[in-house]
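In: sequence and predicted model, in that order:
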Amino acid sequence: MFLVTRAIKPRHTGLHPMPDSFTWEIMGLGFVAAILVGFVASYFGVFIVQRRMAFLGSGLAHAAFGGVALGILLDTQPLFVALPFTISVAIAIIWVRDHTGLAEDTVIGVMFSVAMALGVVFLFLKEGFSGDAYTYLFGSVLAVSMTDVVLAGCMVAATLCTFPLWGAWAYATFDRDLARTDRLRVVWHDYVLACAMSIVIVVSMKIVGMVLIAAFLVLPAATARMLSQSFRQMTLISIAIGVTTPAIGMYLSLFPDLPPGAPIILVQSAMFVAALVVRKQGMIK
Amino acid sequence: MSAPAIRVQRVSVRLGDYEALRGVSFEAPEGAFVAVIGPNGAGKTTLLNVLLGLQRPDQGVVEVFGMDPAKLPPDTLGYIPQLKTLDRSFPGLAIELVVTGRRRSWPWRISAADRAAALHALELTGVARLASRPIARLSGGELQRVYLARSLVRNPKLLVLDEPGAGMDIGAEAEMYHLIDHYQTASKATVLMITHDWEGARVHATHVLLMDRGLAAFGAPAEVAREDRLLNVFGYAGHQASTHRTPPDA
């Protein structure tokens, strides 16, 4: 990837091989932020998995990178630009899908290519290259600030506020037409879910990185799906995986001094494989 | 004389360049069992969507119990969709699906009152033993009964069924009709059913609506489901062997 080859690969903690108390202090913010975004991503992940929206997650992650690049170009906090940028792309995807009859994957493919192309243009318009771009591509513990933790905390609070909508979202996920006959505003709920996904993606980017964010949204829920017989069970298991795996992944990232996104995803993948084995062995029906 | 349960007057619907319904008019009295039959593309599903309040007609008037269908209280309506529209991979239990009939959302927890009502409805449809079974492990016939229980749990005034016999064997289909007849007799509800099953329509319906984008005929089954009318709309009026067949020698 051209962007990567231009980037100067940063060290992530510079404090390996064994973490000491100073390392833990630095890592603290990253740990807290990772657990918070893990909670939110795994909660929304169950809807993403059951609605087969994984590609939307991937598309919005690319779109978010366009927003980050614009933030870098404008010399402002990239997250504050990426947030409205990504939400706008999410709304545009749903609107174009509903008003043109085009398949969702086609619309996502068009939108994320445009957003990504804009991102490349923005980065090249910026004089000199910012290491920030690398942070958002692969995630970095050191880049996590108190602002990010506060943002992640706000996101958790907002997610808890949406909990009364869980039943409506689950119902429309099960059978959209049936939900419509019960006067559920399924299209409005689509917009709310897409906007929530955008926020989760943007806030999670610093930890997990754009490249791996789609997996971060999908893996806990997909693992939970294989272990669950009810949607409630799936939601609870997904959240349990979502909050524990980032902590484990970040701890593992300390020793070889890796960006945290990859170890987190690898830990989640290992759990996915374990769930697959459990399922195949017939331990869960 | 009471207002009709369903009143459709000169209703037309265009879907893009396609005229899905053209000037359809009929009235069904309360307590009627209306079977809607017609070839593929005849506008049956569009009419269903109009009656469910999911599709606005471009022209004409539609009333269900004297109201705009889009404003009809949801509890008035029991809808059994085609099985192909639902997500069979969804991790849900049969009893949870029935509870959606009362709650209009997927239950996080099932209250004692909801559980009792759902189990009663499942008993009425003969599948109480399946209450805790995952939806993914129900057969087509079992799932239709669970859907019927989901409708009955709210005691609807109008029961709408979209091809309820699709995917069922003859015995299960007959049992389904029996359950619908039984509910209708007990509750005096109005039933509207889209079907390709002429025989079922002849035997169980009080009215048959024969469609071919517009209205081809509406009235009593014996009057509407006549061979000449079916031939005219379908170009076909029942199985006929193209050659005389004899059983092969043993």
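Out: Structure's in. What do you need? Numbering: from 1, shown residues only, chains lettered A, B, ... in the order given.

In: and the helices in the stretch 51-200 of chain A?
Out: A:54-73, A:78-100, A:104-125, A:132-138, A:146-161, A:166-174, A:176-181, A:186-208 (DSSP state H, counting those that start in this stretch).

In: chain B now?
Out: B:44-51, B:94-103, B:112-124, B:140-152, B:170-187, B:198-204, B:221-224, B:227-234 (DSSP state H).

In: returning to what we had before: of the helices of the stretch 51-200 of chain A, flag the one that's most buried.
Out: helix A:54-73 (a mean of 26; mean count of other C-beta atoms under 10 Å in any protein chain shown). C-beta coordinates here come from the backbone N, C-alpha and C atoms, glycine included.

In: near chain B at all, it?
Out: No. Shown here: helix A:54-73 not in contact with chain B (C-beta under 8 Å from any C-beta of the partner chain), separated by at least 14.0 Å.

In: packing partners of that helix?
Out: In terms of contacts (3 or more C-beta pairs under 8 Å, 6 or more residues apart in numbering or on different chains; DSSP states H and E), helix A:54-73 is packed against helix A:21-50, helix A:78-100, helix A:104-125, helix A:132-138, helix A:186-208, helix A:213-227.

In: wait, does the third one contact chain B?
Out: Spelled out, it's helix A:104-125. No. Using C-beta under 8 Å from any C-beta, we find that helix A:104-125 stays clear of chain B, coming within 15.5 Å at best.

In: quick one: A:Gly57 from chain B, how far?
Out: 18 Å (C-beta to the nearest C-beta, to the nearest Å).

In: OK, contacts around that residue?
Out: Shown in contact with A:Gly57 (C-beta atoms under 8 Å, 6 or more residues apart in numbering or on different chains): A:Ile48, A:Met197, A:Ile201, A:Ile213, A:Ala214, A:Leu217, A:Val218.

In: and which of the residues you listed is nearest to chain B?
Out: A:Ile48 (13.7 Å; C-beta to the nearest C-beta).

In: pLDDT weak spots in the stretch 1-150 of chain A?
Out: Scanning the stretch 1-150 of chain A with the threshold set as pLDDT under 70 gives A:1-26, A:128-132, A:141.

In: can you name the residue of it nearest chain B?
Out: For the stretch 1-150 of chain A, C-beta to the nearest C-beta, closest residue to chain B: A:Gln50, 6.2 Å.

In: contacts only, for that residue.
Out: A:Thr173, A:Ala221, A:Arg225, A:Phe231, A:Met234, B:Asp87, B:Ser89, B:Phe90, B:Pro91.

In: now a PyMOL select for only the buried ones of those.
Out: Buried subset of the contacts of A:Gln50, written as a PyMOL selection, criterion 16 or more other C-beta atoms under 10 Å in any protein chain shown:
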select buried, (chain A and resi 173+221+225+231+234) or (chain B and resi 87+90+91)
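
In: okay, the contacts of A:Gln50 in a markdown table with pLDDT and distance to B:Phe218 next?
Out: A markdown table is the format used below for those (pLDDT from 0 to 100; distance: C-beta to C-beta, whole Å):
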| residue | pLDDT | distance to B:Phe218 |
| --- | --- | --- |
| A:Thr173 | 92 | 38 |
| A:Ala221 | 96 | 49 |
| A:Arg225 | 94 | 47 |
| A:Phe231 | 95 | 42 |
| A:Met234 | 96 | 47 |
| B:Asp87 | 70 | 35 |
| B:Ser89 | 82 | 40 |
| B:Phe90 | 90 | 38 |
| B:Pro91 | 93 | 43 |
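
In: and the contacts of A:Gln50, which two are furthest apart?
Out: A:Ala221 and B:Asp87 (14.4 Å; C-beta to C-beta).

In: flag every residue of chain A that's near chain B.
Out: A:50, A:166-168, A:170-171, A:173-178, A:180-184, A:225, A:228-234.

In: doesn't A:Gln268 belong to a strand?
Out: No. Counting by DSSP: H, G, I helix; E, B strand; the rest coil, A:Gln268 is located in no strand; its state is helix.

In: that one - nearest residue in space that isn't next to it in sequence?
Out: Closest residue in space to A:Gln268, ignoring its immediate chain neighbours: A:Leu219 at 4.0 Å, by C-beta to C-beta, 6 or more residues apart in numbering or on different chains.

In: and the gap between the one you found and A:Gly209?
Out: Distance of A:Leu219 to A:Gly209, given as C-beta to C-beta, to the nearest Å: 14 Å.

In: same check, this time on B:Arg109
Out: Distance from B:Arg109 to A:Gly209, counting by C-beta to C-beta: 37 Å.

In: compare the two (neighbour count), which wins?
Out: A:Gly209 (25 against 8; other C-beta atoms under 10 Å in any protein chain shown).

In: state the phi and psi torsions of the more buried one.
Out: phi 90, psi 150 (degrees, to the nearest 10).

In: excluding residues flanking it in the chain, which one is nearest it?
Out: A:Gly139 (3.6 Å).

In: picking up where we left off before, got JSON lines for the contacts of A:Gln50, with distance to B:Leu15 too?
Out: Converted to JSON lines, those look like this (distance: C-beta to C-beta, whole Å):
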{"residue": "A:Thr173", "distance to B:Leu15": "26"}
{"residue": "A:Ala221", "distance to B:Leu15": "35"}
{"residue": "A:Arg225", "distance to B:Leu15": "35"}
{"residue": "A:Phe231", "distance to B:Leu15": "33"}
{"residue": "A:Met234", "distance to B:Leu15": "36"}
{"residue": "B:Asp87", "distance to B:Leu15": "24"}
{"residue": "B:Ser89", "distance to B:Leu15": "29"}
{"residue": "B:Phe90", "distance to B:Leu15": "28"}
{"residue": "B:Pro91", "distance to B:Leu15": "34"}
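
In: out of the contacts of A:Gln50, which comes closest to B:Val13?
Out: Taking C-beta to C-beta as the measure, B:Asp87 is the one of these closest to B:Val13, at 27.2 Å.

In: now the closest one: closest residue in space, sequence neighbours ignored.
Out: Using C-beta to C-beta, 6+ apart and skipping the chain neighbours, the partner closest in space to B:Asp87 is A:Phe174 (5.9 Å).

In: was I right to think the one you found contacts B:Leu93?
Out: No. With contact defined as C-beta atoms under 8 Å, A:Phe174 does not count as touching B:Leu93 (11.5 Å).

In: check contacts around the closest residue to A:Thr159 other than its chain neighbours.
Out: The shortest distance from A:Thr159 to any non-neighbouring residue, by C-beta to C-beta, 6+ apart, is to A:Val40 (4.9 Å). Applying C-beta under 8 Å, 6+ apart to A:Val40 gives the contacts A:Ala152, A:Met155, A:Val156, A:Thr159, A:Val200, A:Val203, A:Ser204, A:Gly242.

In: any idea of the angle the host helix or strand of the last one forms with helix A:186-208?
Out: Right, the one you point to is A:Gly242. Using DSSP states H and E, A:Gly242 sits in helix A:231-254. Put simply, helix A:231-254 runs at 20 degrees to helix A:186-208, going by axes from the mean of the first three to the mean of the last three C-alpha atoms, to 10 degrees.
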